[in-house]
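Participant: Return a 3D structure for these sequence lines:
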Amino acid sequence: MDSVIIEPDEREALSSLVPSHPPPRKTHSYVEQYEQKPQHHPIRKYSLDEGSRSVPTDSEPVYFDSSDGEFSTVDGRNGGDRGNEEDHCVITPPSKPAPQRGEIAGHGGGGGADIEPLPEFMGAGGGVDVFKVPVRAAVNPGRPPCLEIRPHPLRETQTGKFLRNIACTESQLWAGQENGVRFWNLEEAYEVGYGVGGQVRRGDEDTAPFHESVVISPTLCLMIDHGNRLVWSGHKDGKIRAWKMDHPVTNTADDSKPFKERLSWQAHRGPVNYIVISSYGDMWSCSDGGVIKIWTFDSLEKSLVLKAEEKHMAALLVERSGIDLRSQVTVNGTCSISSSDVKFLLVDTVRAKVWAVQHLSFSMWDAQNKDLLKVFNIDGQVENRVDGTPAQGQQVEETKAKFFSTPKKDKSQGFLQRSRHAIMGAAGAVRRAATRSTGAFAEDPRKVEAIAIAADGSIWTGSMNGVIAQWDGNGNTCLVNHHQQAVLCFCTFGDRIYVGYSSGYIQILDLGGKLVASWVSHNEPVIKLAAGGGFIFSLATHGGVRGWYVTSPGPLDSVIRTDLSQKGNTYARQDSVKILIGTWNVGEGRASRELMSWLGSDVSDVGIVAVGLQEVDMGAGFLAMSTAKETVGVEGSVVGKWWIDAIGNALDERNTFERMGSRQLAGLLISLWVRKDIRTHVGDLDVAAVPCGFGRAIGNKSGVGSSFSFSGGVGLRIRVYDRIMCFVNCHLAAHLEAVTRRNADFNHIYRSMVFSKGQSLYTVPAAGASSSTQAQKNNTNTNIITEEEKSDLAAADFVAFFGDFNYRLFGITYDEARDFISHRSFDWLREKDQLRAEMSEGKVFQGMREALITFPPTYKFEKNKPGLGGYDSGRRSVYLRGVTELYSEITNQLHFLSAICSALLFLVLYEACMDVTESDHKPVRCKLHANIAHTDKSVRRQELGKIIKSSEKLRSMFEELRYVPETSVSTNSILLQSQDTFIFSITNKSNSSRALFNIVCKGQTVVRDDGGTFGLPRWLEVSPGAGMIKPDASVQVKVHHEDSNTSDESFDGIQQQNSSCEEACDKEVTLMVIIQGSCSTRTTSHSIKVRYCFSAAKSVNLAYSKPKPNNATKNNQEGSTRYQPENYRGGSTRRG
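Facilitator: Reported below is the predicted structural model:
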């Protein structure tokens, strides 16, 4: 027998566990070998002495913050980096940790005096690659500081009221949710949250004060109407609603009452996907089936003038004014645009155009006369017409051919091999059939998911495959690519373009597409961005909203970060919870009466219970069926459900614990329970499954032989006090010689485990997001994701692995092992443990910790035979090397990796339940005590507000943001006659800063005093309507008069009559030239009065009338006459 060498770093731990002398055997020199080596105690960087620390003092760094995407792997940082430690180590815990602040009675540990941490063994190789512990900080040093308007709410609290879009003014932030709309006044954004009208609602406990509407249909889109001081919303029920911005805030009980819409009407039969208002004041809306409608500005104005009691009449007035553009471009049953859903609309204010985005194509429209200008695909190629839905006949035939193809037979294979291949072939056929059935309706990854217009007039689009395309105003494009994840949203501010990705990243691009900055904003996809009030607000799928200063990244960030970190004591919090983890290979049995002694007897002080079972169901047929069900998204079995119910009964599920969720993959089952009195702090349950074995699809643990067994892992992820905890139940490859394969199984599970979100989070009808977006979030494309990005376990604060790992003992005989067991000398057996040897070399479970084993081996026993005498001696003749099966399969099975800064964890119980006899394995349980540090985000937000208001340095920085370059316009008054064109210039007098301009119509006034409206009038053209002026440069703007009866086609008699009346009178409008700096929060403006003199135009027309006046009208109707030469227009061109 090989001699057993004791590691020198275990001397203290062993001295407290083993007898004073070796067992009376012929084994010799154990003590001599042990005493010959010097003592050495490598201790992990964050020792358990930190467990006695409560809220950090001013001099101590705070190593925690929201786990919402705030982990970083930047090298050289202090914190949780345990990388490059010299070797594995045995961790000696403190004798008795001090009581923890914030312990919760009943599940927090019952006071520190009762906690006795166990010594632990830590594997080597931690702190590098995906095994690097996440870095947490009170204020994340790896990204700009932010205003957390709405901290990440638990998913369970948001059912039916998820936020799905946001829009922002300079003083308010509006959000559309699944049951209405809400808004925040930005002046109250730094206040402590108190819910709706002082009534705190779950999920919004830390949200800044907000106001909420009455319950209505899910809101799919929002649009800000600055001219009318309204917010327009589109809804799933096909209605468009208007909300007043200026709601009176009384801070009384009446303020908690939900507000109602100003106006609403039935706009579409299907959902309203998007709304915009063109330069001419018309509202454009789109829906499914390629439907685009226009609601004229005059009907909107008249409906808004009506009183509140005349809402029905106002709605009817708007509904009758609707113009269906699809019908206008349909000739002889053939439509010029696709029938696919129109998801986005974009107003090109520079050229007075409107873009409509469909599946893989764009349509470009003239905003003034509503003509279709161009239809082109995502590659920029012009399309003359769009065909119907492509036939799928060829694809169906291919599916049938593959599904019913006969596999080739190998005569050299035996019955078992042929059976295995038949099982895998059947599962593969089901998988291919399911893939084909869903693939026919799968979204093209090139599909556009976002569109925006930049300050220079360029159009930007983002697709599912991460490609960003930059277009000019005519549909010509050049491609750039800055990310490997789906682009979900855009936002522009000044000369910057903000991009939100499905990975949670936000990137800043300049107008040339160059990357300026990038950071992780959320731990889930960023679905909307909005600019206003000096912030760029981001909305994640979980409903969290954060505001990023428009100067970020910049000097302001470091000032805020430093000041906010110094106030960490005011918002630092710490809570304690005990976690019970149980694992058992049940060997296809059922043992409800044994569960109480295993789990139920030790949960009185436990807050969270995680249970992992192996071999719940077995057999070749079951494995094939399980694989086929997994392919089509179905998991679980009757036996698995029985076990979950039985465990729930043992834990007193009805009164004490609440079932969080479970996941089954073949014979593997994991489930999680939470004590009800901490349920409000636990949520966001996600599940995952990773198969190992042949093709990583269907496992065969045995590899050879007559038994089929599954190998792989199932996991659950939850959020506890804003910390991410992952629990993984594994069954690794068997047999003594399969050490390398077991290591590979663990590595595959750790790196490949991707957790899927709950279905309620991605319910397409309620969310209003495109189906392609949901597919991108739920079905991760591993071809475009790096290894680090797809390792969800690497981003967790705490990871626990448990299960049947199948590592064996080596170099020891059966009799020697039995003798050690009888004398309870388990420390000697640890020296021959394969798992410990592999962990010591950093080959598996890198950086993870396990309590030293002080209980007998747990396999293999005869069923229903208690005590150590129940070991199955029949295994002796099979494994002549000794106790390979006796002391290996489940003993070394509870390992965990934790971010020591954010969750101080230590083990207080690690034992086997030897009295359970219903299986040939014994169950094992482990209890951990976690001190979880986190932040009170409501208080932190308030502290941030105090810093902003009190810091002179910050105030001076914010004042610099108000700088607007000095500009001038060449005229302040323009007089137009029929078909006149006037050109004026805007000059940027700054020699260093660019100026952005936008020309809007303050109001159209008919001299007859017929009322007013907003948006450019039909008779006026302004080009360009927006743009950018370089330093010491100027831009020329054309203002042209166009007769309404020649440029606008009448869609009904009433509109034609009104248009004729308006042509017979003088008209006057005021053009506002709004100037903004490239990154300024303040604007200046110039006003230009534009007057059309009908009497003078009439005299000119009479003087220059022709015998055939219809020719001029005919020429004007053949196409757009905008900015044509003056000799063609018959008017004059003047410069100002």
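Participant: Tell me who's in contact with Leu539.
Facilitator: By Cβ atoms under 8 Å, 6 or more residues apart in numbering, Leu539 lies in contact with Leu163, Arg164, Asn165, Ile166, Ala175, Val526, Ile527, Lys528, Leu529, Ala530, Val545. Quick note: C-beta positions are derived from backbone N, CA and C, even for glycine.
Participant: Would you reformat those as TSV and include pLDDT?
Facilitator: Output for the contacts of Leu539, formatted as TSV (pLDDT from 0 to 100):
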residue	pLDDT
Leu163	94
Arg164	94
Asn165	95
Ile166	97
Ala175	97
Val526	96
Ile527	96
Lys528	97
Leu529	97
Ala530	97
Val545	96
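Participant: Okay, and the residue nearest to Lys239 when sequence neighbours are not counted sits in which element?
Facilitator: With sequence-adjacent residues excluded and distances taken as Cβ to Cβ, 6 or more residues apart in numbering, Lys239 is closest to Ser264, at 5.3 Å. Ser264 belongs to strand 263-266 when elements are defined using DSSP states H and E.
Participant: Equivalent analysis for Asp815, please.
Facilitator: Assigned by DSSP H and E, Asp815 belongs to helix 814-822.
Participant: counting contacts, what elements does that helix pack onto?
Facilitator: helix 826-830 (3 or more Cβ pairs under 8 Å, 6 or more residues apart in numbering; DSSP states H and E).
Participant: And the next helix or strand past the helix it packs on?
Facilitator: Counting by DSSP H and E, the next helix or strand C-terminal to helix 826-830 is helix 834-840.
Participant: that older thread, using CSV, list the CA coordinates for the strand holding Ser264.
Facilitator: Extracted C-alpha coordinates of strand 263-266, given in CSV (Å, rounded to 0.1, in the frame of the first residue of the first chain):
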residue,chain,number,x,y,z
LEU,A,263,-57.9,62.4,-24.9
SER,A,264,-58.2,58.9,-26.4
TRP,A,265,-59.5,57.2,-29.5
GLN,A,266,-59.5,53.9,-31.3
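Participant: All further residue positions should be reported with the first residue as 222.
Facilitator: New numbering, starting at 222: the last item is strand 484-487.
Participant: Listing partners with orientation, what would you give for it?
Facilitator: According to DSSP bridges, strand 484-487 forms sheet pairs with strand 460-465 (antiparallel).
Participant: from the contacts of Leu760, which two are the most distant?
Facilitator: Ala396 and Val747 (14.3 Å; Cβ to Cβ).
Participant: just checking, the residue nearest to Lys460 touches Trp464?
Facilitator: No - between Ser485 and Trp464 there is no contact under Cβ atoms under 8 Å: 9.8 Å.
Participant: just the helices in the stretch 922-1071 of the chain please.
Facilitator: Here the stretch 922-1071 of the chain has its helices, by DSSP state H, counting those that start in this stretch, at 960-973, 985-988, 992-999, 1035-1043, 1047-1051, 1055-1061.
Participant: Mind giving me the packing neighbours of the strand ranked longest in the chain?
Facilitator: Determined from DSSP state E, the single longest strand within the chain is strand 793-806. Counting contacts by 3+ Cβ pairs under 8 Å, 6+ apart, strand 793-806 packs against strand 829-835, strand 944-952, strand 1019-1025, strand 1145-1156.
Participant: List the buried residues in the next helix or strand after the last one.
Facilitator: Going back to what we said before, that points to strand 1145-1156. Sequence-wise, the next helix or strand downstream of strand 1145-1156 (DSSP H and E) is helix 1158-1171. For helix 1158-1171, burial by neighbour count (16 or more other Cβ atoms under 10 Å) applies to Lys1158, Ser1159, Val1160, Arg1161, Arg1162, Gln1163, Glu1164, Leu1165, Gly1166, Ile1168, Ile1169.
Participant: next SSE after helix 1158-1171?
Facilitator: From helix 1158-1171, the next helix or strand downstream (DSSP H and E) is helix 1173-1181.
Participant: Return the list of strands paired to the following helix or strand past that next one, each annotated with direction.
Facilitator: Following helix 1173-1181 in sequence order, the next helix or strand is strand 1188-1190 (DSSP H and E). Partners of strand 1188-1190 in the sheet, by DSSP bridges, are strand 1202-1209 (antiparallel).
Participant: Show me what counts as buried in the partner strand.
Facilitator: For strand 1202-1209, the neighbour count (16+ other Cβ under 10 Å) marks Thr1202, Phe1203, Ile1204, Phe1205, Ile1207, Asn1209 as buried.
Participant: hmm, which two among those residues are most spread apart?
Facilitator: The largest separation in the buried residues of strand 1202-1209, counting by Cβ to Cβ, is between Thr1202 and Asn1209 at 23.6 Å.
Participant: Can you get me a residue count around the residue nearest to Trp1049 when sequence neighbours are not counted?
Facilitator: The shortest distance from Trp1049 to any non-neighbouring residue, by Cβ to Cβ, 6+ apart, is to Phe1041 (5.2 Å). A total of 25 residues lie near Phe1041 under the criterion other Cβ atoms under 10 Å.
Participant: So Phe1041 is in contact with Lys1053, correct?
Facilitator: No - the pair Phe1041 and Lys1053 fails to qualify as a contact (Cβ under 8 Å) at a distance of 9.7 Å.
Participant: what sits up against stretch 530-545?
Facilitator: Counting by Cβ under 8 Å, 6+ apart, 484-488, 512-517, 519-521, 523-525, 527, 591, 1272 sit against stretch 530-545.
Participant: Give the next helix or strand downstream of the strand holding Ser485.
Facilitator: Scanning forward in sequence from strand 484-487 by DSSP H and E, the next helix or strand is strand 495-498.
Participant: Go ahead and name everything in contact with whichever helix or strand comes after that next one.
Facilitator: Using DSSP H and E, the helix or strand that follows strand 495-498 in sequence is strand 504-507. Outside strand 504-507, the residues that touch it by Cβ under 8 Å, 6+ apart are 453, 455, 461, 488-489, 493-499, 513-516, 518, 521, 563-566, 568, 575, 577.
Participant: low-confidence ranges in the stretch 1022-1171 of the chain?
Facilitator: Across the stretch 1022-1171 of the chain, the ranges flagged by pLDDT under 70 are 1088-1124.
Participant: quick one: low-confidence ranges for the stretch 722-871 of the chain?
Facilitator: Along the stretch 722-871 of the chain, segments meeting pLDDT under 70 span 840-856.
Participant: Take the contacts of Leu760 and keep only those in strands.
Facilitator: Leu384, Arg385, Asn386, Ile387, Ala396, Val747, Ile748, Lys749, Leu750, Ala751, Val766.
Participant: Mind picking the one among those residues that's closest to Tyr1131?
Facilitator: For the ones in strands among the contacts of Leu760, the residue nearest Tyr1131 by Cβ to Cβ is Val747; the value is 41.9 Å.
Participant: That closest one contacts Cys710, doesn't it?
Facilitator: Yes - using Cβ under 8 Å, Val747 is in contact with Cys710, at 6.3 Å.
Participant: Can you check which residues contact both of these two?
Facilitator: Common neighbours of Val747 and Cys710 (criterion: Cβ under 8 Å, 6+ apart): Gly721.
Participant: what comes up buried for the helix holding Asp1036?
Facilitator: The neighbour-count check on helix 1035-1043 (16+ other Cβ under 10 Å) flags Tyr1035, Glu1037, Ala1038, Arg1039, Asp1040, Phe1041, Ile1042 as buried.
Participant: Out of those, flag the one nearest to Asp425.
Facilitator: Using Cβ to Cβ, the buried residues of helix 1035-1043 come closest to Asp425 at Ile1042, 56.7 Å.
Participant: Nothing else from me, thank you.
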